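J.: below: sequence and its predicted model.
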Amino acid sequence: MKKVSLITLCLLGMTTYGFAQKKNPKTTTPAPVTAPTPNPNAMNRPQGPTTGPKPYKEVITAKAKTDIGLFKVHSLEDRYFFEIPDSLLSRDILTVNRISKAAAGKRASMLGYGGDQIGDNVISFEKGPNNKIFLKSISFSERSTDTTEQGLYKSLMASNVQPLVASFEIKAIYTDSISKAKASVIDVTDYMNGDNEIFFFNPQVKKMLSLGGIMPDRSYIKEIKAYPMNIEVRTLKTYSVSPSPAMMAMGAAASSIPLTYELNSSIVLLPSKQMSARYFDPRVGYFATGFVDFDANPQGVKELALITRWRLEPKAEDVEKYKRGELVEPKKQIIYYIDPATPKKWVPYLIQGVNDWQIAFEKAGFKNAIVAKEAPNDPTWSIDDARHNVIVYKPSDIPNASGPHVHDPRTGEILETHVNWYHNIMELLRNWYFIQASAVDPAARKMKFDDKLMGELIRFVSSHEVGHTLGLRHNFGSSATVPVEKLRDKQWVEKNGHTPSIMDYARFNYVAQPEDNISSKGMFPRIGDYDLWAIEWGYKWTPQFSTPEAELPSSNQTIISRIGANKRLTFGTEMDPNDPRNQSEDLGDNSMTASAYGIKNLKRILPNILTWSKEANEDYSNARTLYSEVIGQYSRYMGHVVKNVAGIYSTPRTVEETGASYQAVSFAKQKEAMTFLNNQLFATPLWLINKPLMERTGMNPVDVFGNVQKSILSRLQNTSTIGKLINAEAMSGNKAYTSMNLFGDLKTGIWSELYSHKAIDVYRRNLQKAYVDNLSRLLIAPAAIPGSTFRPSDPTSTDVSSITRAHLAGLAKDIRAAIPAATGLSKYHLQDLLVRVNNILNPKS
C-alpha cells in the first residue's frame with residue numbers, strides 16, 4: 001500500500017483549529033545559513049591551519065562559570081564556550097527555536113507571540129581537519145538502509161552530502177584523568193550573537209514578520225543554561241523592519257523603528273536508541289513525517305511516511321503483564337504543565353481536557369499515560385525548557401488555540417509540545433455556543449456565560465488541541481457516520497455524543513430542537529469511539545514486529561476488520577475538496593436534513609438577539625456581532641449542502657478490501673441538494689431580514705444574504721463543478737446527475753419570474769445578475785497568473801463552454817419573451833440582462 005507523506009496545519013478558528021510550523025516532509029533539507037552579519041570574525045566557514053588548541057586552563061580559567069548538563073557550558077567575560085565530548089560528536093541533535101518575549105505590536109495573523117515556535121532543525125557536531133568542529137545540518141528526506149554490495153546506501157550518501165553550516169576553531173581539549181575521554185572546547189559567542197536559521201528564525205517566518213537584518217549593537221546573548229538532555233540558549237535580537245511586498249508595491253518605506261525579540265533556542269539530544277516507527281495509513285488520521293525510500297521498491301523509489309506519536313513502552317518489569325492484556329503504567333508518562341500566567345479559574349478545565357485522554361490510552365494498554373499539572377513553583381523551572389510540555393496562555397485578541405508538536409524526523413517520535421492558548425478564544429466559544437445552542441440551552445442566552453459553562457467549553461477545546469499534540473489530525477468525516485435523526489434522540493445522543501470524534505469540527509449539536517430536551521451531554525463534543533480507536537491503533541506496543549514493514553500485514557487486517565465492524569471508527573480527511581462527508585462544522589449523514597433543523601433553530605434565535613445581547617450602558621455592537629454570526633452559520637449550512645453537488649466519495653482502501661475507492665454522489669442526493677438550495681437560499685430567505693436589528697446595527701438588507709447567494713452560486717457555476725459532472729456522465733451515463741440537470745435545476749430556482757411574470761425584487765435581481773456574470777467567465781480562457789506556474793482550468797478547452805453557450809442562448813430567448821409582460825424595475829432589469837447576455841454571446845456586436 002502506498003504511503004502518503006502528510007503534515008498538516010491545525011488551527012482552531014472559524015474553519016480551522018491551530019498553528020504548527022512543520023516542514024514539508026519531502027523538502028526537509030534546511031538551506032545553508034547565511035554568515036552572521038555582526039562580526040567579520042564570526043566562525044562560519046572552514047579556515048586554514050591555526051595555532052592549535054591552547055592548554056585547557058588557559059581557555060577555561062578559574063574565572064569561568066560552568067553549567068553542567070548535556071555538555072558543559074562555560075561563560076567567561078561575555079564569551080560562551082561549549083565543551084562537546086567526543087561521545088556526542090556525530091550524534092543527531094534537534095534545535096527548537098521559539099519566541100520567549102515578542103516584539104511590541106508586531107504580529108502576522110497568529111504568529112509573533114511569546115511561546116511561538118519559529119524554527120527547528122536537526123544538526124550534528126563533527127570534528128574536522130585543522131582543529132575545527134563543524135556544525136552540520138541534516139536532512140532525512142531521502143533514505144536507504146541497504147548497505148550490501150547491491151544496495152543504494154553508498155550511492156545515496158554520495159549524492160546527499162549534508163551541508164556544513166558553520167565551523168568553529170577548537171580552543172582547547174579537555175581530557176578526563178580517569179576515563180581518558182576527550183572533549184573539544186569551542187567559542188560559540190559570535191555565532192549565537194549573529195543571525196542564522198539553525199538557532200533563530202526560519203527564513204519563512206522571518207519574512208512573514210517583515211524582519212530585515214540583525215542590528216548587532218542591540219543584540220546579545222542573555223544566558224545559556226545546561227540541562228541533562230538539552231541546552232537552552234536565550235538571546236535578545238533586534239532586527240530592522242523590511243516592508244512586505246504589498247507595502248513595497250505601494251511605495252511604502254521600511255520603518256526606522258526596529259523590532260526586538262527575546263528568543264529561546266533548545267538544543268535537544270535525539271535518542272540514540274530510536275523508537276520503533278509505525279507507517280502512516282490514510283484510514284487512521286495521524287500527522288506524519290515523510291521521506292523517499294530507495295529500498296522499498298526494487299524497481300524504483302517509494303514515498304513513505306511515519307506517524308508522529310509519543311514513545312510509550314511498558315516498564316521492563318511490566319512487559320509480561322502488558323502482553324497478557326493487563327493495564328500498566330508507561331516507562332515515561334506524558335506530562336503537560338499549565339502556564340503560570342493562566343487565570344486560575346480556567347486551570348482546572350484545561351487540566352481536565354488533558355486528563356480526559358487517559359481512557360483512550362487504556363485502550364492501548366496503558367494507565368495513567370497522560371496527565372496535566374500546574375507548573376511547579378520552582379525558579380529553575382522554565383516554560384522554554386524542551387523537556388516540558390506546556391499549555392501556554394497568550395495575552396492575545398486572536399480568538400483561537402493551536403496544538404503543534406516537535407518530533408524526531410527519523411522515527412516520528414514526538415519529543416515535546418507547546419499548546420498555544422489565546423486569551424480571546426473565549427469570545428469565539430461564546431459565539432459558537434450562542435449560535436448553535438441557545439435555542440435549546442437557556443444558559444447560552446446572554447453575552448457573559450457563567451464560569452461553569454465557559455469552563456466546560458474550554459475543557460472541550462483543550463481536549464481537541466491536546467489530541468493534535470498526541471499526533472491526531474482533524475477527522476472531518478466522523479460526524480457523517482451519525483444518522484441525523486439520532487441527534488434528536490435524547491437517550492442515544494447523550495450516551496454516544498453527537499460525533500464519534502473530538503478531533504472533528506462538529507462544535508455543538510445544532511440539530512437538537514427545544515422539544516427534544518437534550519442536556520449538555522448530548523450537545524458538547526467529547527472524546528468518542530474514533531478517538532479511542534485511533535489512540536489504540538497508534539500507541540499499541542507491538543514488540544513482536546521488528547520493523548514497520550513487518551507490522552504492515554497485521555495493521556492492515558486490523559484496520560479492515562475494526563472499521564468494517566463499526567463505521568463510527570471511520571476517518572475522513574480535512575483535505576478533501578470533493579467528499580461531502582468530510583466537511584468542517586457539519587453534523588450527520590445528510591446535510592440537507594441537518595441544515596434544515598439548524599435553520600429552524602436560527603429562526604428561533606434571530607428575533608431574540610436584541611434581548612439576549614443586551615448589556616447595560618453598551619451600544620448594539622453585541623447585537624451586530626451575533627446577527628453576523630447567524631448569517632455566518634446560515635452560510636455554513638448552505639456550504640454543507642452545495643458540496644453534495646458534483647460530490648465524489650473518497651474511501652481509502654487496500655487491495656484486500658472490496659468496494660470502490662471513488663464514487664460519485666448519487667443522482668437522488670444531488671437532486672435533493674439542489675432542491676434544498678432553491679428553497680432555502682435562492683428563494684429569497686426573507687426571515688433573515690429583521691428590521692429592528694437592522695435599524696440598530698446598520699446591517700444592509702441587500703448584503704445580509706446576497707453575499708451568501710453569490711458565493712454558493714459561484715461554487716455551482718464554475719469549471720471544476722461542471723467538469724466533474726461531465727466526467728460523472730461519461731462514467732455512469734443516464735444514472736448520473738449531469739451538467740444539464742444542474743443548469744435545469746438552477747434555471748427553475750433562479751429564473752421562475754420569467755414564466756410566472758411576477759415582479760422581481762431587488763434580491764432576485766442581484767442574484768440573476770450574478771448568475772449571468774458567472775456564466776460569462778465560463779466562455780473565456782483564464783489569464784495566466786503573473787509570477788505563478790499555476791494555470792487555472794480552461795473552460796474553453798472542454799465541453800464546459802459549449803454547455804454554457806447553449807444555456808445562455810436559451811436563457812436569452814426566455815428573457816426576450818418575458819420582457820413585454822414585465823413592468824417597472826423588473827422590465828428594466830430584464831432589458832439590461834438581455835443586453836449583457838447578447839454581448840457575452842456576440843462580443844463583437
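T.: Perfect, I can see it now. The structure displayed is predicted, hence computed values, not measured ones.

J.: check the closest residue to R526 other than its chain neighbours and give its pLDDT.
T.: What sits nearest to R526 in space, not counting adjacent residues and going by CB to CB, 6 or more residues apart in numbering, is G497, at 5.3 Å. The way it works is simple: take the backbone N, C-alpha and C, and place the C-beta from them, glycine included. Here the pLDDT value assigned to G497 is 97.

J.: which residues sit in contact with L811?
T.: The neighbours of L811, taking CB atoms under 8 Å, 6 or more residues apart in numbering as the test, are K747, W751, V772, V837.

J.: for P271, same thing?
T.: Taking CB under 8 Å, 6+ apart as the criterion, P271 is in contact with R311, D408, E413.

J.: shouldn't it be within a strand?
T.: No - membership of P271 in a strand is not supported by DSSP: H, G, I helix; E, B strand; the rest coil, which gives coil.

J.: can you redo the contacts of L811 as TSV with pLDDT?
T.: Converted to TSV, the contacts of L811 look like this (pLDDT from 0 to 100):
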residue	pLDDT
K747	97
W751	98
V772	98
V837	97
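
J.: can you flag which of the residues you listed belong to strands?
T.: Secondary structure assignment (DSSP state E) places none of the contacts of L811 within strands.

J.: closest to A183 out of those?
T.: Distance ranking of the contacts of L811 against A183, using CB to CB, places V772 first at 77.0 Å.

J.: distance of that closest one from D745?
T.: From V772 over to D745 the distance is 17 Å, taken as CB to CB, to the nearest Å.

J.: who wins on neighbours among the contacts of P271?
T.: For the contacts of P271, neighbours were counted using other CB atoms under 10 Å, and D408 has the most, 23 neighbours in all.

J.: give me the number of residues near the nearest residue to that one once chain neighbours are set aside?
T.: Counting by CB to CB, 6+ apart, D408 lies nearest to L270, which is 5.5 Å off, once chain neighbours are set aside. Counted with other CB under 10 Å, residues neighbouring L270 total 19.

J.: ok, now which ones touch L270?
T.: With contact set as CB under 8 Å, 6+ apart, L270 has these partners: R91, D92, I93, L94, V122, D408, R410, L415.

J.: what about the residue nearest to F667 when sequence neighbours are not counted, neighbour count?
T.: Residue nearest to F667 in three dimensions, not counting chain neighbours: Y737, with 4.6 Å by CB to CB, 6+ apart. The burial count assigned to Y737 is 26, neighbours taken as other CB under 10 Å.

J.: give me every residue that touches Y737.
T.: Neighbour list for Y737: V645, A646, A664, V665, S666, F667, Q670, K671, L725, A728 [criterion: CB under 8 Å, 6+ apart].

J.: then Y539?
T.: Contact analysis of Y539 by CB under 8 Å, 6+ apart lists R309, W310, L312, F361, A364, F366, A369.

J.: hang on, isn't the third one packed against K367?
T.: No - counting by CB atoms under 8 Å, K367 is not a contact partner of L312; they are 11.3 Å apart.

J.: shared neighbours of those two, which are they?
T.: When contacts are counted by CB under 8 Å, 6+ apart, the set common to L312 and K367 consists of F361.

J.: and E262, that's in a strand?
T.: Yes - checked against three-state DSSP, E262 lies within a strand.

J.: spatially, what comes nearest to it if we skip its sequence neighbours?
T.: Using CB to CB, 6+ apart and skipping the chain neighbours, the partner closest in space to E262 is K101 (3.8 Å).

J.: so who does that neighbour touch?
T.: Residues touching K101, when contacts are defined by CB under 8 Å, 6+ apart, comprise G114, Y261, E262.

J.: understood, closing this out.
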